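**Q** can't give you the sequence, but here's the structure:
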Ligand code: UGA
């Protein structure tokens, strides 16, 4: 099928590349000429596993790049809108990009098209898109508007798209639902997975993917409610972690005990320094605003956001209580990205914590396997950057673990300790076993677990680690 995807950000680029891999002819449209030139030249603007392969495979063949939205709409049966919906000052989703794309699309509709919202948008957006297109004089029988939310995570975006838990399509009539069923048919029939060159199936996924056809309003709510629920799960366990610290319980044991209840499940129960990224903070706020607009006072979401902010403050207080005073202290920081596996630093709790520590007069040397370049653009005058975790630890009064990179869970502890001025590790991601850290000569603080103090002479130091 001929498909246009409008917006070559995270969702648009991944969706475009994956639709091409499913066998569709895709035009990726963006009005940023520089970005288009980068994509045409073979560069990949985001750090995402399998994306370079897919772009190489389809660039210039089944996947083309264009700034001509009108032409792309004319050529396509389905037009996916995947432009940004940044938060306004009041926390609502700013839909002005969606609206201007809808208006432009309306001028190009010549025969039946399905216009699909892929961006995360509040309930009623598909109705608004429909009104905007009608206002511009388009024949009501020549188009439908559908909602097809995307559930991909950064770092695993391609496999999340190709091996989804479910595909949600919100359509208000069968003609439109049929077209979306056809687009996803290679995934729902399982044909895609039979191909010799399909992207390998990740663990814990089941195929083929079920498709859930709902009303467009339900689909819009499913997306916001899913992100808000996951954020709530994280804030819930972070609140439980604070209780564990007060009473001397171990949050990992508590998580295991809770997560083995099949009604709750173990995923998204990792305590830490709070959720970040370009989705949860913005979407919880937007969902809160939508609820208010609809006449429901969703105060639970206020608490989810408050716990999330507190979690960062608690971590800074932990650093202060480990070091007594902060002014002039040398801090090594491992991790800048908002989570492991990505170079994205938007709303990164790591960066917010570093800002607080800089305000307190700390000197920071940071390392991240992927996000250094992006952070340097923002913090090159205030933070020193190093080439490895060990270099960041060199001469440090304390080392902070701020992002859950695999690499940080497998450090050579003897070497690390040898680099540091004082062997103090404050782990915001619970990557290590406190007993192992103490046996390796560290004073170790983590989240929701008792502090562990060096209890063995250097000769007895072990070097085993445990990934949380
Ligand atoms: C999130 C959702 O997981 C996706 O399903 C959704 O499609 C996406 O938002 C979106 O709306 O576009 P993403 O922002 O990539 O995906 O990141 P997550 O893996 O969900 O992590 C979000 C934050 O929560 C990170 O800062 C992470 O470190 C934190 N987190 C996650 C925890 O602190 N504990 C956990 O147990 C899990």
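**A** That came in fine, so what should we check first? Owing to the predicted nature of the structure, the values given are computational and were not obtained by experimental measurement. Numbering: from 1, shown residues only.
**Q** Pull out the buried positions in the helix or strand containing residue 414.
**A** Using DSSP states H and E, the element containing residue 414 is helix 413-419. Going by neighbour count (16 or more other CB atoms under 10 Å), the buried part of helix 413-419 is 413, 416, 417, 419. Backbone N, C-alpha and C define where each C-beta goes, glycine included.
**Q** same thing with stretch 434-441?
**A** 434, 436, 437, 438, 439, 440, 441.
**Q** Most widely separated two among the buried residues of helix 413-419?
**A** 413 and 419 (10.8 Å; CB to CB).
**Q** Residue 150 reaches residue 161, doesn't it?
**A** Yes - using CB atoms under 8 Å, residue 150 is in contact with residue 161, at 7.4 Å.
**Q** Which of these two has more residues huddled nearby?
**A** Neighbours per residue (other CB atoms under 10 Å) separate residue 150 from residue 161, with residue 161 holding more: 24 against 21.
**Q** can I assume the more buried one is in contact with residue 18?
**A** Yes - the pair residue 161 / residue 18 is scored as a contact, 4.5 Å apart, by CB under 8 Å.
**Q** what about residue 178, how many residues close to it?
**A** Counted with other CB under 10 Å, residues neighbouring residue 178 total 13.
**Q** go on, the one 5 residues further on?
**A** When neighbours are defined as other CB under 10 Å, residue 183 has 23 of them.
**Q** who touches the strand or helix carrying it?
**A** Following DSSP H and E, the helix or strand that holds residue 183 is helix 174-188. Residues outside helix 174-188 that contact it (CB atoms under 8 Å, 6 or more residues apart in numbering): 1, 3, 19, 22-24, 77-78, 112, 114, 116, 144, 146, 148, 162, 164, 167, 169, 171, 191-192, 207-211, 213.
**Q** again with stretch 122-136
**A** For stretch 122-136, contacts defined as CB under 8 Å, 6+ apart pick out 81, 92-93, 95, 98-99, 102-103, 105-107, 109, 115, 117, 140, 143, 145-147, 170, 216-217, 220-221, 224, 286-287, 289-290, 293-294.
**Q** and if you look at stretch 44-60?
**A** Residues contacting stretch 44-60 (CB under 8 Å, 6+ apart): 10, 13-14, 17-18, 20-21, 26, 35, 38-40, 42, 63, 154-159, 197, 199, 341-344, 370.
**Q** out of those residues, which are inside helices?
**A** The helices, defined by DSSP state H, take in 10, 13-14, 17-18, 20-21, 35, 38-40, 157-159 from those.
**Q** Contact residues of the stretch 51-200 of the chain facing the ligand?
**A** Within the stretch 51-200 of the chain, the positions adjacent to the ligand are 120, 150, 151, 152, 153, 154 by CB under 6 Å from any ligand atom.
**Q** Among these, name the buried ones.
**A** For those, a neighbour count by 16+ other CB under 10 Å gives the buried set as 120, 150, 151, 152, 154.
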